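**Student:** show me the folded form of this:
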Amino acid sequence: MNDTAPRTRWLLLSLLLNVFLLGGLAGAGLYYAWTGGLHASPTPVVAAPAAGATPAAPRGLRFAADALPPAQRNAFRAGLRDARRAAAEDVQAARAGRVELARLMAQPQFDRAAVDAALARTRSADVALRARIEASVADFAASLAPQERAVFAHGLATQSSLRVPPAPAARAPRPGLDDTGAPP
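**Tutor:** Residues are numbered from 1 along each chain as shown. Got it, this is the predicted structure:
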């Protein structure tokens with residue numbers, strides 16, 4: 001009887017298993033070397049703040065009323081929360097539009113009309129959301145006294161993306177030119 005065939009099969013199977021295990025160990029070793037070992041941080045390292053430095057102030061529209069009394073601050077945040085809840089359908093439509101855009105962009109055949117339509121739907125949902133939020137901010141501002149509104153306006157200018165652009169700086173006339181920039 002030929003006893004070498006099963007023995008050869010087991011030998012090949014053992015050799016294949018050993019190669020697989022050695023490849024796994026080599027891969028684990030490379031991963032260990034590239035990631036910095038067992039004590040590697042899974043999050044990026046952020047520089048520590050300098051000694052005596054103050055932490056960064058929170059930013060965003062919800063912090064624009066922080067300088068107002070607590071009752072008004074809470075009313076502002078409640079108004080924003082209500083506006084966002086009322087706009088949940090617009091948020092979902094904008095999100096769905098972005099997903100659709102990504103899908104359309106990845107297609108082998110570029111369909112410009114479909115991309116333009118998806119962009120228009122996404123833009124419309126974004127504008128509707130922004131309109132609700134801005135109306136909520138305006139409604140809240142209308143409920144404030146003039147001094148409180150000035151404090152709120154400063155908060156908007158410093159804490160949110162609803163900033164007032166700086167006034168253009170006055171240019172000094174260059175020597176030898178009049179105020180219009182023409183030679184005298």
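
**Student:** state the pLDDT value of the residue sitting nearest the centre point of the chain.
**Tutor:** Nearest to the mean C-alpha position of the chain, counting by C-alpha atoms, centre = their mean, stands residue 60 at 12.2 Å. Per-residue pLDDT puts residue 60 at 78.

**Student:** so residue 137 makes contact with residue 65?
**Tutor:** No. With contact defined as C-beta atoms under 8 Å, residue 137 and residue 65 do not form a contacting pair (9.6 Å). (Each C-beta comes from the backbone N, C-alpha and C, glycine too.)

**Student:** those two - which one has more neighbours?
**Tutor:** A side-by-side neighbour count of residue 137 and residue 65, using other C-beta atoms under 10 Å, places residue 65 first with 27 against 21.

**Student:** host element of that one?
**Tutor:** Taking DSSP states H and E as the criterion, no element holds residue 65; it sits outside all helices and strands.

**Student:** please report the distance of the nearest residue to it once chain neighbours are set aside from residue 64.
**Tutor:** Counting by C-beta to C-beta, 6 or more residues apart in numbering, the nearest residue to residue 65 once its immediate chain neighbours are dropped is residue 76, at 3.9 Å. Separation of residue 76 from residue 64 (C-beta to C-beta, to the nearest Å): 7 Å.

**Student:** please enumerate the shared neighbours of these two.
**Tutor:** With contacts defined as C-beta atoms under 8 Å, 6 or more residues apart in numbering, the residues adjacent to both residue 76 and residue 64 are residue 152.

**Student:** chain center to the helix or strand of the chain with the lowest mean pLDDT, what's the gap?
**Tutor:** With mean pLDDT, DSSP states H and E as the measure, the helix or strand of the chain carrying the lowest mean pLDDT is helix 4-35 (a mean of 81). With C-alpha atoms, centre = their mean, to the nearest Å as the basis, helix 4-35 stands 44 Å off its chain's centre.
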